[in-house]
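[1] Sequence below, structure please.
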Amino acid sequence: MRAPRPTRRSLIAAVSLATLCGLTACGGGDAAGTATGDDAISVGFSQLGAESGWRTANTESVKASLTEAAGFDLNFVDAQQKQENQIKALRDFVAQDVDVIAFSPVIETGWDEVLQEIKDAGIPVVLVDRTVDTTVEDPYVTWIGADFEQEGRTAGEWVAENAPDAKVFELQGTLGSGAQVDREKGFDAVVGDQVVGKASGNFTRAEGKTAVEAALQTYPETDLIFTHNDDMGLGAVEAIEAAGKTPGEDVRIVSVDGVRDGLQALVDKKFNYVVECNPVFGDQLADLVKKVAAGEDVPKETIVEDEAFDQTTTQADVDARAY
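    Predicted coordinates for the structure are as follows:
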């Protein structure tokens, strides 16, 4: 790992101090005392968007942790689920010479050029939530997030135990994203032979509803939906009800996320099982960024702990949920 880089602000402060000393011959204690460097860690963070309740909770957690009071100078950019917006943001961070770049990649591929530019600039990268598939050697220092593949596997294990004969429609997230790829892989490894069809809902409620409306026509035998996030699952509920069926009974729903709305759907018996993907890890990210900026050794990956919930979840559980 490279040695810590002086921040742009500390360099400016040093130049300002030298200039001031030249003007006053450093003869006045007051002049020297007023020139103080800013030791805040400058962080460029590109969030992939605000497509779901999970993403909103994750953003709030990051912003609440990487604060000025905690020693950070955060430049936060919402990419609105567009890779081109993220690439522009990353290049802007390089131009700003930030101390650390952190981002949640909207999809896994297509990052080679900009990651090489970041590496050439000597700026360490922290991947958040999602991963990248790149030819760049050692493109990032560390990654923090959930084990998406295990989330899919946990969902599949519930189906295998509780609905071994179910005809499953898999409602996928943004195609090519780490969450979509790995959740599909984990789920299909357990009960892939039960999947009758798949389509993407792009992690949004509206597109999830549209995808399920089509699926109920194309795969009328569907009696269970595995959705890659709660928001799409809530869209699926609307589509199932519009088709005159009862979600949670005629068509069971197994989801990933664990946001408040998802757990409420469990309490309302419209979801049957939810595998948590915990978005509140801003404090862990802040700790990693501080260590990376200081040139300390950090683990290559940090797995955020997840839980799972079934219909025994209570209203009190929902009300106590932080997100």
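[2] what number of residues lie near the closest residue to residue 123 other than its chain neighbours?
    Leaving aside its sequence neighbours, residue 123 sits nearest to residue 101 (Cβ to Cβ, 6 or more residues apart in numbering; 5.4 Å). Every C-beta, even on glycine, is put in place using the N, C-alpha and C of the backbone. By the criterion of other Cβ atoms under 10 Å, residue 101 has 29 neighbours.
[3] Packing partners of the helix or strand where residue 101 lies?
    Here residue 101, judged by DSSP states H and E, is contained in strand 100-103. Under the contact criterion of 3 or more Cβ pairs under 8 Å, 6 or more residues apart in numbering; DSSP states H and E, strand 100-103 touches strand 41-47, helix 83-96, strand 125-128, helix 282-293.
[4] What residues sit buried inside it?
    Residues 100, 101, 102, 103 are the ones in strand 100-103 that count as buried (16 or more other Cβ atoms under 10 Å).
[5] Report the buried residues of the helix or strand residue 58 falls within.
    Using DSSP H and E, residue 58 maps to helix 53-65. Buried positions in helix 53-65, judged by neighbour count with 16+ other Cβ under 10 Å: 53, 54, 55, 56, 57, 58, 59, 61, 62, 65.
[6] ok, and what's touching that helix?
    Helix 53-65 has contacts (Cβ atoms under 8 Å, 6 or more residues apart in numbering) with 45, 47-50, 74, 76, 78, 104, 128-129, 203, 229-231, 257, 259-262, 277, 279-283, 285-286, 322-323.
[7] What's the mean pLDDT across that helix?
    What helix 53-65 shows for mean pLDDT is 95.
[8] Need the CA coordinates for that helix. PDB is fine.
    Output of helix 53-65 as PDB, limited to C-alpha atoms (Å, rounded to 0.1, in the frame of the first residue of the first chain):
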ATOM      1  CA  GLY A  53     -35.400   2.200  -0.300                       C
ATOM      2  CA  TRP A  54     -32.200   0.200   0.400                       C
ATOM      3  CA  ARG A  55     -30.100   2.700  -1.700                       C
ATOM      4  CA  THR A  56     -31.600   5.700   0.100                       C
ATOM      5  CA  ALA A  57     -30.800   4.100   3.500                       C
ATOM      6  CA  ASN A  58     -27.300   3.300   2.400                       C
ATOM      7  CA  THR A  59     -26.800   6.900   1.100                       C
ATOM      8  CA  GLU A  60     -28.100   8.300   4.400                       C
ATOM      9  CA  SER A  61     -25.700   6.000   6.400                       C
ATOM     10  CA  VAL A  62     -22.700   7.100   4.300                       C
ATOM     11  CA  LYS A  63     -23.500  10.800   4.600                       C
ATOM     12  CA  ALA A  64     -24.100  10.500   8.300                       C
ATOM     13  CA  SER A  65     -20.700   8.900   8.900                       C
END
